[in-house]
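# kindly return the folded structure for what I paste below:
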Amino acid sequence: MFPILEGNGMSELRYDPAYKARMNELQFAVPGMKGEKAFGCPAYKVNDKFFAFVRRQEVALKLPIMRVAQFIAKNPDVMVAFQPGRGIAWKQWVSIRRHNASGYEQDLPLIDEAIEFVLGNAYASGRTQF
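You can find the predicted model right below:
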């Protein structure tokens, strides 16, 4: 189902290239944002701070713990705790599962919130396009 398989031999993680492409489009719209890899998956930073990962058919965002809990409680079919490893959930990360990559347009406010969170609220939606 996921044609790209990358890893370091210890843990292999997969991602859907369409989801990575959608996040890459965002990369050109946010000043200071750059793409890297973490855990064998596309990862995104702004000012050297991670705020998003693409894994399988999910985009994971770093948000305050209370916001993560609210999103998971409100949308359990779409939003779940981000688990980079077997059974280990990161408390400040939520995974958003959309049926296709274009569905993430509705999550742009959450992406902006994740950027603001890692920058300490210094980013006031500096997006130039999308």
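
# need the distance between the two termini of stretch 52-60.
End-to-end span of stretch 52-60 (C-alpha to C-alpha, to the nearest Å): 5 Å.

# list the buried residues for that stretch?
For stretch 52-60, burial by neighbour count (16 or more other C-beta atoms under 10 Å) applies to 52-55, 57-60. Backbone N, C-alpha and C define where each C-beta goes, glycine included.

# surely E105 forms part of a helix?
Yes - if the criterion is DSSP: H, G, I helix; E, B strand; the rest coil, then E105 is within a helix.

# circling back: need the max-distance pair from the buried residues of stretch 52-60.
A52 and Q57 (14.4 Å; C-beta to C-beta).

# list the contacts of G32.
Applying C-beta atoms under 8 Å, 6 or more residues apart in numbering to G32 gives the contacts 46-47.

# quick check: the gap between it and V94.
22 Å (C-beta to C-beta, to the nearest Å).

# mean confidence for stretch 23-43?
Stretch 23-43 shows a mean pLDDT of 82 in the predicted model.

# in space, what's closest to K37 - neighbours in sequence excluded?
A43 (6.0 Å; C-beta to C-beta, 6 or more residues apart in numbering).

# and if you look at K49?
V118 (4.1 Å).

# can I get the helix or strand harbouring M23 in CSV, CA atoms only?
Using DSSP states H and E, M23 sits within helix 17-27. Taking Å, rounded to 0.1, in the frame of the first residue of the first chain, the C-alpha atoms of helix 17-27 are listed here in CSV:
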residue,chain,number,x,y,z
PRO,A,17,4.5,10.1,-1.1
ALA,A,18,1.3,12.1,-1.7
TYR,A,19,1.2,13.2,1.9
LYS,A,20,4.9,14.2,1.8
ALA,A,21,4.3,16.1,-1.4
ARG,A,22,1.5,18.1,0.3
MET,A,23,3.7,19.0,3.2
ASN,A,24,6.5,19.9,0.8
GLU,A,25,4.1,22.4,-0.8
LEU,A,26,3.6,24.0,2.6
GLN,A,27,7.4,24.2,3.0
